[in-house]
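J.: Next come a sequence and a model predicted from it.
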Amino acid sequence: MTAQTSLGQRVRHLLGQQVLAGIGSRLMPYLYLAPALFFIGLFVLWPVARAFYNSLYDGNLLFPYREYVGPQRYVDLLTNPRFHQILIQSAYYLALMLAGVFALPILLALLTLNVTPREVGFFQSVFFLPTVIAANIAVSVWIWFYNPTGGLFNTVIKALGIEPVVWLRNKDTVIPAVALVAIWKQFGFHYLLALAGLKSISTDLTEAAAVDGANNRTIMRRIILPLFGPTALFLLVITLIQGLEFTFVPIEVLTRGGPAGASSNLVYSIYQEGFRTFRVGLASAQSVVLIALFGGLAYVQYRMLERNVQYER
Amino acid sequence: MNASAWERFVSRTILLLALLVVVTPLVYLVGLSFKVPEGIFSNPMVPFSWPLDLTNYRNVLRQMDVPKFFLNSLIYAGGVTLGQLLLAIPAAFAFSYYNFRFKNLLMSAVLISLIVPFVVTYVPNYLLLARWGLLNTLPGMIIPMLGISVGFGIFLLRQSFQTFPKEVFDAAHIDGANSWQVLWRVLVPSSWSPIVSVAIYIFIITWNRFIWPLLVGGGDPSSYTMTVAVDIYYANPESGANWGNLMAASVVSTLPIMALYIALRRQILRTFTEGAVKG
């Protein structure tokens, strides 16, 4: 206790003095950073470099460097019709994710502006529930929903007089069925972010506009939507970059990419080639394609993060 | 913005409908776990059957080594949380407190690590763990995670450390404290609340991870986490796609996170928001 009071007194005494630069040697910041950067380098940045290197070899998980293949790997991959199929399916997934975890959360967050603050807290907490549960566990109940004979969906559509559907074994329904689960899991999180973006728009502005005689539609169009722009852009970018990752666990739990690869996508395919068929080189080459395709978007996200860093100063 | 009564009614109705869609699977998750095993498909439209039946829970506790897997999850999530904090706190301190050469470059490395898709790192890290003989061990599961998402902690803590009045550091320094003591005796005790928030965030995310613990620990029951155990239990022919059992196992494995969420909802929602905006 006494140490603290004496510290407090000295704080008052020294307030405003700049002696910061004197603390520690010039090496200190590097020593504080070294452990974290070592782990980041070893387990995140180095693996990215390894992916490039590994993609040039043929081998399996036990012997990844059995044979040098070189750039021919990419020629083979990019001309492979099965890989084209995976890219098309990835685009299909992303389109569904854009509707479900970009457009829908923003729309519902805008509607939330019309209800009382107490209700906002309630909706926020409940919508977030699926996000806070482990993905494979949250997804497990959907296996039962999609069960062809006694599951909920077929029971409902049979009651409506429609032919039952084998949701997860049918090439035409499997991607929407899996995407729906991924959307359900991720929706609440994006709703939370959209709502936080809307709430950060000062009510002073909207109230001042209302006093000046602006109607609700004008306020929405001229004030709320423009100021919401950065949040919307952020949601758009993370949906595009992580959209395929959101579908990863639902695919693994519901279909394992089946039937006959019809529900796979680029992210799931990397995992499958690496750990199911053990073709490390192929998995690595697909990783490189993933990085190439999303690198541009990742750069946009990086710039947004960087700007955030600067705003804090 | 003042909505008319009609707008308010429409908004509320649409939100309640969305709420129904979001909640229904969770209601079934809990409801099916309390149905008698034979009756799981008997009345699909009604999630609960009365009276509640505990057979599924008895089966799960008998067939699955719940205490063991629970402990594994606790060690895994706790180890990652503690390790990331021990790495992130000094790093955030350095970024928020010092000016030094390559500061921007090193910060960029942290930011980039947050953007790299997780799936790209699986194979190289798996090969590394295999070489070190750490597959199917909890340390093998924990150690790479100390690099993979430590950036979040650095990011979030850095921001709160920056709001700390620098004069207090100066005073402590004049008192003869070195920067290490300033960090652990002054900054950390007075930043307790943001540190706990970040800890809860890391803990929840890590507890919920599935693919990574499956890859590293899925080969040996001694290293199953709860999420992995539930998945393998479901695939196990002995439990025979017994939905009730699967749901009961799911409910059991989710309880600690649910308890955390219900107790600290506001704090958790805030930290998740900040974590996302920052990366």
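T.: That came through, no problem.

J.: C-alpha only now, for contacts and for neighbours.
T.: Will do.

J.: got the phi/psi numbers for the residue in the stretch 151-279 of chain B positioned nearest to chain A?
T.: Nearest to chain A, among the residues of the stretch 151-279 of chain B, is B:Asn208, at 4.1 Å (C-alpha to the nearest C-alpha). Dihedral angles of B:Asn208 (phi, psi; degrees, to the nearest 10) stand at phi -80, psi -10.

J.: Provide a list of residues in contact with it.
T.: Shown in contact with B:Asn208 (C-alpha atoms under 8 Å, 6 or more residues apart in numbering or on different chains): A:132-135, B:227.

J.: Residue ranges in chain B under the pLDDT threshold?
T.: For chain B, residues meeting the criterion pLDDT under 70 lie at B:1-2, B:236-241, B:275-279.

J.: Figure out the helix or strand that the residue nearest the centre of it lives in.
T.: Nearest residue to the geometric centre of chain B (C-alpha atoms, centre = their mean): B:Ile205, 1.6 Å. Taking DSSP states H and E as the definition, one finds B:Ile205 inside helix B:192-208.

J.: Tell me the buried residues in that helix?
T.: The neighbour-count check on helix B:192-208 (16 or more other C-alpha atoms under 10 Å in any protein chain shown) flags B:194-195, B:197-208 as buried.

J.: And the next helix or strand past it?
T.: Going down the chain from helix B:192-208, the next helix or strand is helix B:211-217, by DSSP H and E.

J.: Figure out how far stretch A:74-81 is from the centre of its chain.
T.: 28 Å (C-alpha atoms, centre = their mean, to the nearest Å).

J.: To clarify, my last question referred to stretch B:27-47.
T.: 28 Å.

J.: for stretch B:53-64, same thing?
T.: How far stretch B:53-64 lies from its chain's middle: 26 Å, per C-alpha atoms, centre = their mean.

J.: With stretch A:81-90 instead?
T.: Taking C-alpha atoms, centre = their mean, one finds the center of stretch A:81-90 at 21 Å from the center of the full chain.

J.: is chain B contacted by that stretch?
T.: No. If you take C-alpha under 8 Å from any C-alpha of the partner chain as the test, stretch A:81-90 misses chain B, and the best it gets is 14.9 Å.

J.: List the buried residues in that stretch.
T.: Within stretch A:81-90, the residues that count as buried by 16+ other C-alpha under 10 Å are A:83, A:85-86, A:89-90.

J.: What are the boundaries of the helices in the stretch 201-313 of chain A?
T.: A:203-211, A:216-219, A:225-246, A:248-254, A:266-275, A:280-312 (DSSP state H, counting those that start in this stretch).

J.: For chain B, find the nearest of those helices.
T.: It is, among those and with distance given as C-alpha to the nearest C-alpha, helix A:280-312, at 5.5 Å.

J.: tell me which residues of that closest one are tucked away?
T.: Within helix A:280-312, the residues that count as buried by 16+ other C-alpha under 10 Å are A:280-291, A:294-295, A:297-298, A:301-302, A:304-306, A:309.

J.: A:Gly281 touches A:Phe52, doesn't it?
T.: No. Counting by C-alpha atoms under 8 Å, A:Phe52 is not a contact partner of A:Gly281; they are 9.2 Å apart.

J.: A:Tyr66: neighbouring residues, count only.
T.: Quick fix: residue A:66 is Arg, not Tyr. Neighbourhood size, A:Arg66 [other C-alpha atoms under 10 Å in any protein chain shown]: 11.

J.: tell me the contacts of the closest residue to it other than its chain neighbours?
T.: Nearest residue to A:Arg66, sequence neighbours excluded (C-alpha to C-alpha, 6 or more residues apart in numbering or on different chains): A:Gly59, at 5.0 Å. Neighbouring residues of A:Gly59 by C-alpha under 8 Å, 6+ apart: A:65-67, A:279-281.

J.: if you set the cut-off to 10 Å instead, what comes out?
T.: A:65-69, A:278-282 (C-alpha atoms under 10 Å, 6 or more residues apart in numbering or on different chains).

J.: Likewise for B:Trp207?
T.: Each residue near B:Trp207 by C-alpha under 10 Å, 6+ apart is listed here: A:133-134, B:70, B:72-78, B:80-81, B:213, B:225-227, B:253-254, B:256-257.

J.: same thing but at 8 Å, please
T.: B:Trp207 touches A:134, B:73-74, B:76-77, counting by C-alpha under 8 Å, 6+ apart.

J.: what sits up against stretch A:228-248?
T.: So stretch A:228-248 is contacted by A:90, A:93-94, A:97-98, A:101-102, A:106, A:178-179, A:182-183, A:186, A:190, A:193-194, A:197-198, A:201, A:265-268, A:294, A:297-298, A:300-301, A:304, B:117, B:277 (C-alpha under 8 Å, 6+ apart).

J.: Ok, stretch A:131-148 next?
T.: The contact list for stretch A:131-148 (C-alpha under 8 Å, 6+ apart) reads A:130, A:151-154, A:164-168, A:181, A:185-189, A:249-250, A:253-254, B:25-26, B:28-29, B:204, B:207-210, B:227, B:230-231, B:243, B:246-247, B:250, B:254, B:257-258, B:261.

J.: what's the spacing between that stretch and its chain's center?
T.: Offset of stretch A:131-148 from its chain centre (C-alpha atoms, centre = their mean): 19 Å.

J.: Give me the buried positions along it.
T.: A:131-148.

J.: what residues does the stretch 151-279 of chain B put near chain A?
T.: Contact residues (C-alpha under 8 Å from any C-alpha) of the stretch 151-279 of chain B with chain A: B:151, B:159, B:166-173, B:175, B:178-179, B:204, B:207-211, B:227, B:230-231, B:243, B:246-247, B:250, B:254, B:257-258, B:261, B:265, B:269, B:273, B:276-279.

J.: now, which of the residues you listed lie within helices?
T.: When DSSP state H defines the helices, the subset of these inside them is B:151, B:159, B:166-173, B:179, B:204, B:207-208, B:211, B:227, B:230-231, B:243, B:246-247, B:250, B:254, B:257-258, B:261, B:265, B:269, B:273, B:276-277.

J.: now those: which count as buried?
T.: Among those, those classed as buried by 16+ other C-alpha under 10 Å are B:151, B:159, B:166-173, B:179, B:204, B:207-208, B:211, B:227, B:230-231, B:243, B:246-247, B:250, B:254, B:257-258, B:261, B:269, B:273, B:276-277.

J.: ok, so what distance separates B:Phe46 from A:Val156?
T.: Not quite, residue B:46 is Val, not Phe. Distance of B:Val46 to A:Val156, computed by C-alpha to C-alpha, to the nearest Å: 12 Å.

J.: anything in contact with each of those two?
T.: Between them, B:Val46 and A:Val156 share no contacting residue under C-alpha under 8 Å, 6+ apart.

J.: got the contact list for the strand or helix carrying B:Leu114?
T.: If you go by DSSP H and E, B:Leu114 is part of helix B:103-115. Identification of contacts with helix B:103-115 by C-alpha under 8 Å, 6+ apart yields A:37, A:40, A:44-45, A:298, A:301-302, A:305-306, B:95, B:148-149, B:151-152, B:279.
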